[in-house]
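In: what follows is a predicted protein model with its sequence.
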Amino acid sequence: MEANIFSLVERLRDEHRFIEAAIVRYLKLLHEKRAASLGGSIAVALENLQDYWERHVQFEEEEVFPLLEGHDLVEELRMEHRRTNELLSLLKGEKDPKRRGHLLEELLLLKQKHLAKENRRLIPLLEEMAASLA
């Protein structure tokens, strides 16, 4: 079990690094495009990030969170997953470019804060659990 938890932690760290780098790129792109239209490059970026994010959330919900079921942090992170899904749904239906830009920025900043919270709180909890099993 201990080795399995360390494997989960390593996967979380790897996925977080990838998603965090993508968020930084997309925020930069968003700010560069703010004066112009939010065209195809933003739409493609968002679609790619959404696909990867959905796989990441599924991994957490199915493999990570059950290890910490009942901990307040798990429900907090699940609420953030739900808010992310709400924002993604709103983005898909939004036609106004200015509103779409604001929603996208809110989404990216939420994801950034969410990942930072997981790095600061979730990963140490998992590491403590693995250490206690050693």
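Out: Nice, I can see it. Predicted model, so just to flag it, every value in this text is computed and none were measured.
In: excluding chain neighbours, give the residue nearest to the most centrally placed residue in the chain in space.
Out: When Cα atoms, centre = their mean is applied to the chain, the residue found nearest the centroid is Lys111 (4.3 Å). Nearest residue to Lys111, sequence neighbours excluded (Cβ to Cβ, 6 or more residues apart in numbering): Ile23, at 5.7 Å. In this view, the C-beta of every residue, glycine as well, is placed from N, C-alpha and C.
In: okay, and the one you found sits in which element?
Out: Assessed by DSSP states H and E, Ile23 sits inside helix 2-33.
In: quick revisit: got the angle between the helix or strand harbouring the residue nearest to the centre of the chain and helix 2-33?
Out: According to DSSP H and E, Lys111 maps onto helix 97-117. Angle of helix 97-117 versus helix 2-33, following axes from the mean of the first three to the mean of the last three Cα atoms, to 10 degrees, is 150 degrees.
In: measure the residue nearest to the centre of the chain to Ser7 for me?
Out: From Lys111 over to Ser7 the distance is 23 Å, taken as Cβ to Cβ, to the nearest Å.
In: for stretch 66-75, what is the distance to the chain centroid?
Out: 17 Å (Cα atoms, centre = their mean, to the nearest Å).
In: check which helices and strands the worst-scoring helix or strand of the chain on mean pLDDT sits against.
Out: The least trusted helix or strand in the chain, going by mean pLDDT, DSSP states H and E, turns out to be helix 40-59, with a mean of 79. With contacts taken as 3 or more Cβ pairs under 8 Å, 6 or more residues apart in numbering; DSSP states H and E, helix 40-59 sits against helix 2-33, helix 72-93, helix 97-117.
In: give the contact list for the residue nearest to Leu125 when sequence neighbours are not counted.
Out: Spatially, and ignoring its direct neighbours in sequence, Leu125 is nearest to Leu68 (6.1 Å; Cβ to Cβ, 6+ apart). Residues near Leu68 by Cβ atoms under 8 Å, 6 or more residues apart in numbering: Val74, Leu122, Leu125, Leu126, Met129.
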